[in-house]
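Enquirer: starting from these lines, generate the structure:
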Amino acid sequence: MLLIEAARQAFLAVTEKFYYHDELPSSHYFVINSINTTYTAFVFALETTIEYAVLEHLDTKGRQRFRTQIDFKQNDVTCTSIEADFTVFDAKKINQKEYELVNQAINTVRESLIAGSQHIKAG
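Expert: Sure thing, here's the model as predicted:
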């Protein structure tokens, strides 16, 4: 879990530094699409090198999608490889979308509870 969190912190930092360096960090919202982790050797609490590569970068209106590979190496041996696929949204746009989705979820749960209580009363 520590390496997965380190990979997450790496893609946040690298993306902010090299793709959004002229903007405020709080103006972006990162959404993880997938994280695939492969362990090939034990990792010890020793010096570790992190190699970061952007495998794919798609820039579309209001969002940028990245597919990255983050390798953790000790003594020139890759111990863990993490492929992280994430999308960066403009915070203003994602906040509105998140608000709409949470309201939909609340309404669905509310309707389900009402239907369930009517079924209990009828039964």
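Enquirer: buried ones in the strand or helix carrying E111?
Expert: In the assignment (DSSP states H and E), E111 maps to helix 91-122. The neighbour-count check on helix 91-122 (16 or more other C-beta atoms under 10 Å) flags I94 as buried. Backbone N, C-alpha and C define where each C-beta goes, glycine included.
Enquirer: which strands or helices does it pack on?
Expert: Here helix 91-122 touches strand 28-39, going by 3 or more C-beta pairs under 8 Å, 6 or more residues apart in numbering; DSSP states H and E.
Enquirer: what pairs with T78 across the strands?
Expert: Bridge pairing for T78 (DSSP bridges) gives the partners K73.
Enquirer: mind listing what's buried in stretch 8-20?
Expert: R8, A10, F11, V14, T15, E16, Y19.
Enquirer: for those, which one is nearest F44?
Expert: Checking those against F44 by C-beta to C-beta gives A10 as the nearest, at 19.3 Å.
Enquirer: local confidence estimate at that closest one?
Expert: As predicted, A10 sits at a pLDDT of 96.
Enquirer: thought it was touching I50?
Expert: Yes: under the criterion of C-beta atoms under 8 Å, A10 makes contact with I50 at 6.1 Å.
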